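In: generate coordinates for the sequence data below:
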Amino acid sequence: MIEVLYIRVPEKVERENLFIHLQGFVSGECYNEVLGYKNKEVALRRLLGETLISFALREYWGLPLGSYRILRGEKGKPFIVGRENVFFNLSHSGEYVVCAVSDREVGIDIEKRAKARMEVAGRFFHEREVRMLKSLSGTEQDRLFFNYWSVKESFLKYIGTGLTRPLNSFIVTFTGERVSLYEGINGLPLHVNACPVDAGYACYVCSEYDGLPEIREVTFEEIIRC
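Out: Just a heads-up that it's a prediction; the model follows:
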């Protein structure tokens with residue numbers, strides 16, 4: 001099982017009221033930590049992410065808030081203590097927070113599209129990817145750059161290393177809609193799928209499951225009603 005949930009950051013709700021509303025959907029430890037953030041936009045996205053996790057755990061596994069404990073691994077990847085069949089991963093960018101849930105390891109990333117940062121690609125991407133990017137221009141180059149970035153992040157989040165593993169230590173290839181990952185000439189036995197949340201964003205999920213995941217928008221009102 002694999003599902004992708006996403007929520008759009010509310011625009012018209014007063015930030016202070018929104019923080020108060022979300023307090024009942026996250027742990028007290030998380031809420032107190034978030035209150036210390038200097039950047040309130042980052043704090044809001046953290047709260048929305050934790051709220052999405054809470055919503056998903058209740059929806060798919062029947063786990064109410066307070067019945068589980070979330071810790072982080074050595075490289076920062078969150079996990080639920082004592083549960084072997086519950087996995088989740090979060091990402092946020094721009095107006096969206098996304099959450100992938102599965103009964104196996106999973107990684108997800110979303111990136112707001114902009115101009116390709118070729119200096120970043122040159123420093124951090126594999127040389128084959130850089131050559132592919134240089135063969136393109138304009139919007140095609142911009143699109144591929146963020147597709148590469150999102151796929152790479154989703155894989156690193158799947159394996160739980162984050163950016164402690166170099167982005168050029170593996171290769172991403174696109175054949176039509178199919179995404180493949182390689183270490184040298186060896187293909188990795190994983191599946192990466194695009195999540196069409198918004199045309200202005202690159203969003204990919206990495207897992208052991210072939211086929212497109214279910215994608216579900218969750219509204220703020222829907223969370224509050226639960």
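In: okay, and residue 89 sits in which element?
Out: Assessed by DSSP states H and E, residue 89 sits inside strand 87-93.
In: and stretch 202-209, what's buried?
Out: Neighbour counts over stretch 202-209 (16 or more other CB atoms under 10 Å) mark 202-207, 209 as buried. For the C-beta atoms, the positions are set from N, CA and C on the backbone; glycine is no exception.
In: please read the previous query as pertaining to stretch 139-146.
Out: Neighbour-count burial for stretch 139-146 flags 141-142, 144-146 (criterion: 16+ other CB under 10 Å).
In: nearest to residue 70, of those?
Out: The nearest member of those to residue 70, counting by CB to CB, is residue 146 at 29.1 Å.
In: so residue 25 sits against residue 223, correct?
Out: Yes: the pair residue 25 / residue 223 is scored as a contact, 6.4 Å apart, by CB atoms under 8 Å.
In: and those two? which has more neighbours close in?
Out: Using other CB atoms under 10 Å, the more surrounded residue of residue 25 and residue 223 is residue 25, with 21 against 17.
In: helices of this structure, start to end?
Out: Assigned by DSSP state H, the helices in the chain fall at 15-22, 28-35, 40-61, 118-124, 127-134, 138-159, 220-225.
In: tilt between the third one and strand 87-93?
Out: Here helix 40-61 points in a direction 150 degrees away from that of strand 87-93 (axes from the mean of the first three to the mean of the last three CA atoms, to 10 degrees).
In: that older thread, list residues touching both of residue 25 and residue 223?
Out: Residues touching both residue 25 and residue 223 (CB atoms under 8 Å, 6 or more residues apart in numbering) are 51, 55.
In: hang on, the earlier thing: any idea of the mean pLDDT for the strand holding residue 89?
Out: The average pLDDT within strand 87-93 is 94.
In: helices and strands around it, which ones?
Out: Secondary-structure packing of strand 87-93 (3 or more CB pairs under 8 Å, 6 or more residues apart in numbering; DSSP states H and E): helix 40-61, strand 78-80, strand 96-102, strand 106-112, helix 138-159.
In: can you tell me which of the buried residues of stretch 139-146 is nearest residue 132?
Out: Checking those against residue 132 by CB to CB gives residue 144 as the nearest, at 6.9 Å.
In: which ones are touching the closest one?
Out: Listed by CB under 8 Å, 6+ apart, the contact set of residue 144 reads 116, 132-133, 136, 174.
In: kindly recompute the last result at 10 Å.
Out: Applying CB atoms under 10 Å, 6 or more residues apart in numbering to residue 144 gives the contacts 116, 121, 129, 132-133, 135-136, 172, 174, 202.
In: let's have these in a markdown table, adding distance to residue 93 and pLDDT.
Out: As requested, these are exported to a markdown table (distance: CB to CB, whole Å; pLDDT from 0 to 100):
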| residue | distance to residue 93 | pLDDT |
| --- | --- | --- |
| 116 | 16 | 97 |
| 121 | 18 | 97 |
| 129 | 20 | 98 |
| 132 | 23 | 97 |
| 133 | 20 | 98 |
| 135 | 26 | 97 |
| 136 | 22 | 97 |
| 172 | 18 | 98 |
| 174 | 20 | 97 |
| 202 | 9 | 98 |
